[in-house]
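Novice: Got a predicted structure here, sequence first:
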Amino acid sequence: MIDEYISDKTYSVPLQGLGVGPIGIFDSGYGGLTILEKIRIELPQYDYIYLGDNARTPYGTRSFDVVYKFTLECVNQLFEMGCQLVVLACNTASAKALRTIQQKDLPLIDPNRRVLGVIRPTVEAVGAMTKTKHIGLLATVGTVQSNSYPLEIAKLHENIVVTSEACPLWVPLIENNEHNTEGADYFIRKNVENLLACDPQIDTVMLGCTHYPLIGEQIQSYLPESVKLVSQGEIVAQSLTDYLQRHPEMASKCTLGSSVRYLTTESVAKFASSASIFLNKEIHAEHIDLG
Ligand code: DGL
């Protein structure tokens, strides 16, 4: 099934490329902006291209095959634009597509390029944060159903219990800029309360979706003060910094210039206006048709 997508289309990476380029940051929509911002604080010297697949968001309710296909298309788009390193700033894509892209696609497309995700760095960091050894996960349906977080946590940390709550409405509310409404509050409260009711010993809650920091204050307001809320931005930024230090050959392929291009598969006006609200500054966006 998956192989169909690989052979479906020839993704030609231009050989005329110089083998250097901006760092690609991909998300299904706006969520990856929360990661990009933190990465730019840690690594301001590099050039970045942000790609939001807003036309096809949300990914979180889609099947494994569809998330994989869409993610691969976006990664290839970023490769065609010269990126040598792409960060999937999306948990759903990291859960459902990253491994296949790393293991099956990259060796065929270009073994020298790299695609990194956000789940592993989050899991590495979170083990030291819990005292009760009971962690909560708020994420999309896709990420929860993939079981990626409990599996990765079990690999790295002994005896940590993970309880997950899927929040299918949060991404659509954020993508439609409806998250600061009473209706949104109702669903945020409901999901947070469900999570805590399932395991009252939770002392650490992971935001396992890059959109969720945009409603971080609302989520926090429904958590007891003693419960720590963990966003991924700083964790991923630190992990990328470490990665580039450990891989100078990749660091040397990432161009320096401190520029950012924002690409969206949806309307430029919609992206620019919502992204400007999320980022608290005006941005210029460009439309991109994939394929
Ligand atoms: N930001 C994506 C994530 O981290 C949202 C997925 C979606 O589009 O539903 O999972």
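Specialist: Thanks, I have the structure now.
Novice: For the ligand, give me its nearest residue in the stretch 51-200 of the chain.
Specialist: When scored by Cβ to the nearest ligand atom, the stretch 51-200 of the chain has G60 as its residue closest to the ligand, at 2.7 Å. Where you see a C-beta, it was placed from the backbone N, CA and C, and this is true even at glycine.
Novice: Grab the nearest non-local neighbour of the spatially most central residue of the chain.
Specialist: Computing the C-alpha centroid of the chain and ranking residues by Cα atoms, centre = their mean puts C90 first, at 1.9 Å. Distance criterion Cβ to Cβ, 6 or more residues apart in numbering; nearest residue to C90, sequence neighbours excluded, is D27 at 4.4 Å.
Novice: Can you give me the pLDDT of the residue nearest to the centre of the chain?
Specialist: Note on C90: pLDDT of 97.
Novice: tell me which element the closest residue to H284 other than its chain neighbours is part of?
Specialist: Nearest non-adjacent residue to H284, counting by Cβ to Cβ, 6+ apart: A272, 6.6 Å away. For A272, the element it lies in under DSSP states H and E is helix 268-279.
Novice: Repeat that for L106.
Specialist: Short version, using DSSP H and E: L106 is in helix 106-109.
Novice: From the chain's centroid, how far away is that helix?
Specialist: 22 Å (Cα atoms, centre = their mean, to the nearest Å).
Novice: what helices or strands is the following helix or strand past it leaning on?
Specialist: The C-terminal neighbour of helix 106-109 among helices and strands, as given by DSSP H and E, is strand 114-116. The contact analysis (3 or more Cβ pairs under 8 Å, 6 or more residues apart in numbering; DSSP states H and E) places strand 114-116 against strand 85-88.
Novice: how about the strand it packs on as CSV, C-alpha atoms only?
Specialist: C-alpha atoms of strand 85-88 as CSV (Å, rounded to 0.1, in the frame of the first residue of the first chain):
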residue,chain,number,x,y,z
LEU,A,85,17.1,19.2,6.4
VAL,A,86,13.4,19.2,7.1
VAL,A,87,11.7,19.2,10.5
LEU,A,88,8.2,17.7,10.7
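Novice: CA atoms only for the helix or strand following it, dumped as PDB, please.
Specialist: Going down the chain from strand 85-88, the next helix or strand is helix 91-96, by DSSP H and E. In PDB, the C-alpha atoms belonging to helix 91-96 read as follows (Å, rounded to 0.1, in the frame of the first residue of the first chain):
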ATOM      1  CA  ASN A  91       3.200  15.200  15.800                       C
ATOM      2  CA  THR A  92       0.600  13.600  13.500                       C
ATOM      3  CA  ALA A  93       3.100  13.500  10.600                       C
ATOM      4  CA  SER A  94       5.900  12.500  13.000                       C
ATOM      5  CA  ALA A  95       3.700   9.600  14.300                       C
ATOM      6  CA  LYS A  96       2.400   8.400  11.000                       C
END
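Novice: Give me the contact status of helix 91-96 with the ligand.
Specialist: Yes. Using Cβ under 6 Å from any ligand atom, helix 91-96 reaches the ligand at N91, T92.
Novice: List the contacts of L18.
Specialist: Going by Cβ atoms under 8 Å, 6 or more residues apart in numbering, L18 touches G82.
Novice: Determine the three-state secondary structure at it.
Specialist: Using DSSP: H, G, I helix; E, B strand; the rest coil, the structure places L18 in coil.
Novice: Which pLDDT value belongs to it?
Specialist: 73.
Novice: any idea how far it is from Q77?
Specialist: 18 Å (Cβ to Cβ, to the nearest Å).
Novice: How about Y243?
Specialist: 22 Å.
Novice: now do I215
Specialist: 28 Å.
Novice: In terms of secondary structure, what does whichever strand or helix holds D185 contact?
Specialist: Assigned by DSSP H and E, D185 belongs to helix 182-198. Applying 3+ Cβ pairs under 8 Å, 6+ apart, one finds that helix 182-198 makes contact with strand 134-139, strand 161-166, helix 170-175, helix 216-221.
Novice: any chance of the ones you listed in CSV, plus distance to I153?
Specialist: Output for those, formatted as CSV (distance: least, Cβ to Cβ, whole Å):
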stretch, distance to I153
strand 134-139, 7
strand 161-166, 5
helix 170-175, 22
helix 216-221, 20
